Every structure is written in C-alpha cells, then in structure tokens.
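Visitor: Predicted coordinates and the sequence they were generated for:
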Amino acid sequence: MIRVFLVDDHEVVRRGVRELLESAGDIEVVGEAGTAAEALRRVAATSADVAVLDVRLPDGSGIEVCRDLRSLLPDLKCLMLTSYNEDEALFDATMAGASGYVLKEVRGADLIDGVRRVAAGESLLDPVITARFLERLRNPPRDALTDSLTPQESVILNHLADGLTNHQMAQLMFLADKTV
C-alpha cells in the first residue's frame, strides 16, 4: 500500500482526492491537513510515503511545507497538486524537493498514476508546464540590465555565475586578464 497524506485548504478537495485515491485499491490516505502548520505537525506521525500538497495555503505555501518536510523526512515524496499554472511555482517546488507538479484539472486516473510514479521514485511534471519551464531555462527573460550587455559581456556574466575567476575566463575566451 502507498501511504498518502493530503494537504489542501479546501475540505471538499481533500474529500474528493481521498475518495479518488482510495478507490485505486493500492493507495491509503493516512492523514489530512488544511494548513501548513497542521501539515508540519501531523505528517511525521503518519509514516506517509507521499504528501500531496496544494501550492497555496492560508498560512503559508505548500512549497515551504515541501521543503520543511523533505528536510525532516528525506524519504517522503512530495507531489504538488495545484490550480495555479505558474512557472515560478514549478521552479520553486522543484528546488524545494518536490517529485512532481500537476494541475488540479488532471484526470483522476492520471493523478492515481502520478501518486504511484512519485512513490516509486520517479519525477512527474505536467507536460504543458514542463515545456514552458524548459523554454524559460533555455531563453531566460531579459531585463534592462541584460539587454544593455554586449554578447561578450553576457558570456562573461555567465562565466561569473559559474564561479570562474577572471584568469579562467580570460583563458577560455582568449583574452587578457585585464580585458575580462
């Protein structure tokens, strides 16, 4: 049995997800919480395998709950289930240690499959969100500072972000240290 803990501030959502997951036969909902504080107090006692977390909670963020739970319980897998289709939330959830991020408009069978996959150690990201996220990584948004840089300055900035010294950059770019 896969043991699941649900965190969502809407009782009707928790009830619906509980009923859906438990209808699968191999998933048991071992606890629920409607707030971040309640989730942090209760999850550890349930020995859950997967926490299904809403991104937005009345007293905080499901992403923060994910980060805190993963610090306390490194074997716990977190699946973000949200109605918010935001690149920043996906990035933050991934950085917090979430194993998956799906939208609440997901089909029931796909949510059940997602819980199973996350419990098995796989990563699960909504394909539409993933495509936008990867595009953002490949082509980061420009701002006034980055728009004003020359191509060479942009390369130097990237090398600087990678932690290279001026000397290392100069060698890579065939420039004098002073030029860098």
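Guide: Right, received. Where do you want to start?
Visitor: rest of the way, CA atoms for contacts and neighbours
Guide: OK.
Visitor: for the spatially closest residue to residue 124 that is not a sequence neighbour, what are its contacts?
Guide: Distance criterion CA to CA, 6 or more residues apart in numbering; nearest residue to residue 124, sequence neighbours excluded, is residue 100 at 4.2 Å. By CA atoms under 8 Å, 6 or more residues apart in numbering, residue 100 lies in contact with 78-80, 94, 114, 118, 123-125.
Visitor: Please tell me how far residue 100 sits from residue 170.
Guide: 41 Å (CA to CA, to the nearest Å).
Visitor: Look at residue 80 and tell me its secondary structure.
Guide: Here residue 80 is strand, with the state taken from DSSP: H, G, I helix; E, B strand; the rest coil.
Visitor: Quick one: mean pLDDT for stretch 103-119?
Guide: When pLDDT is averaged along stretch 103-119, the result is 93.
Visitor: Please compute how far it lies from its chain's middle.
Guide: 15 Å (CA atoms, centre = their mean, to the nearest Å).
Visitor: Enumerate the positions of that stretch that are buried.
Guide: Neighbour-count burial for stretch 103-119 flags 103-104, 111-112, 114-116, 118-119 (criterion: 16 or more other CA atoms under 10 Å).
Visitor: cool, stretch 148-162 as well?
Guide: Across stretch 148-162, burial judged by 16+ other CA under 10 Å covers 156, 159.
Visitor: what mean pLDDT does it have?
Guide: Mean predicted lDDT for stretch 148-162 stands at 82.
Visitor: Pull the residues that contact that stretch.
Guide: 146, 169, 180.
Visitor: and the gap between the first one and residue 166?
Guide: According to CA to CA, residue 146 and residue 166 sit 20 Å apart.
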